[in-house]
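Asker: Curious how this folds, go ahead:
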Amino acid sequence: MGKEGVAHGGSLTTLGYSARRKATIDVTDLIWKRASMKSFSLFSQPAEVWSTAWSVIFHLLQSSVVKPIVAKTFPLPEAANALRYLVESRPFGRVVLTI
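Answerer: Modelled structure (predicted):
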């Protein structure tokens, strides 16, 4: 995390680690800036939260306000290669199968 990574008294929120990817951060910035770190797991939320979250996420994706990071795209017949790439390369971003 760079010097501008979090504001003084701010909060760093983590999410998206369900694939057990390991991440490291330098907590020095958090300490010096009296910031906090929080985590969020959509999977542990009630159904109403899921529904609301997905409607917001869908709108953001549809309007291109948020663009997902795609590491690599594979045609559907190459699904085995896509899975191998996902497991062996552990890419940053999504692996997409196209139909």
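Asker: Please work out the average pLDDT along the longest helix seen in the chain.
Answerer: As assigned by DSSP state H, the longest helix anywhere in the chain is helix 47-62. Summarised as a single mean, pLDDT over helix 47-62 is 88.
Asker: hang on, G9 packs against A35?
Answerer: Yes: contact between G9 and A35 holds when scored by C-beta atoms under 8 Å: they sit 6.5 Å apart. Yep, even glycine has a C-beta here, placed from its N, CA and C like the rest.
Asker: These two - which one has more neighbours?
Answerer: Neighbour count, other C-beta atoms under 10 Å: between G9 and A35, A35 has more, with 18 against 9.
Asker: separation between T28 and R34?
Answerer: 12 Å (C-beta to C-beta, to the nearest Å).
Asker: K72 - how many residues pack around it?
Answerer: Neighbours around K72, by other C-beta under 10 Å: 14.
Asker: Tell me the gap between whichever strand or helix holds it and the middle of its chain.
Answerer: K72 is part of strand 70-75, with elements assigned from DSSP states H and E. Distance, stretch centre to chain centre, for strand 70-75: 17 Å (C-alpha atoms, centre = their mean, to the nearest Å).
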